[in-house]
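A.B. asks: Give me the fold of what follows.
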Amino acid sequence: MNSLYEIIENIKNGEKPDYEDLYWAVLALNSLLHFEKESIRSLAEGKILGKKMFFTYDPEYQERESFNRRKKAFAKSPKEWVGWNNDPSNPDYQESRKMFLKMAEVFMKRFEKEQQSTPQGKGEK
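C.D. replies: Below is the predicted model of the structure:
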């Protein structure tokens, strides 16, 4: 299997990667997007709450971590980088995903109920 970098470069060169390369590339890129989102969320939280720049809230640290994460991901095959713990064919992964989806559904129902009880335009309870 090609590295994530090779897969992306091959696509840019007009080549058509095989299904497995694309499958794993999508999973790897989805994981990278998740990490980037969490990094940006932490930086925003730190700024909003006035947190001291300590790892999570430090932009320079987050930038280095982001760079290193992408460097590692792009150097490996996407399947290797994603790993067994995040492999959709792993039964434990699927069980964790089911639990997460159930929790998310409960959270969303609670959120929607709170939104319905909130006077429109005030943004408060």
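A.B. asks: host element of E6?
C.D. replies: Per DSSP states H and E, E6 falls inside helix 4-12.
A.B. asks: how is the protein carved up into domains?
C.D. replies: The chain breaks down into these domains under automatic domain parsing: 4-86, 90-125.
A.B. asks: Tabulate these in CSV, adding columns for mean neighbour count.
C.D. replies: To be clear about C-beta, it is placed using only N, CA and C from the backbone, and glycine gets the same treatment. Formatted as CSV, the domains of the chain follow (neighbours: other C-beta atoms under 10 Å):
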stretch, mean neighbour count
domain 4-86, 14
domain 90-125, 10
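A.B. asks: so can I have JSON lines of those domains showing mean pLDDT?
C.D. replies: As requested, those are exported to JSON lines (pLDDT from 0 to 100):
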{"stretch": "domain 4-86", "mean pLDDT": "95"}
{"stretch": "domain 90-125", "mean pLDDT": "88"}
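A.B. asks: now the spatially most central residue of the chain: how far from G50?
C.D. replies: Centroid-nearest residue in the chain: H34, 1.3 Å away (criterion: C-alpha atoms, centre = their mean). Distance of H34 to G50, given as C-beta to C-beta, to the nearest Å: 26 Å.
A.B. asks: Tell me, how many residues neighbour N2?
C.D. replies: A count of nearby residues for N2, using other C-beta atoms under 10 Å, gives 17.
A.B. asks: And the helices in this structure?
C.D. replies: With DSSP state H as the criterion, the chain has helices at 4-12, 19-49, 59-75, 78-82, 91-117.
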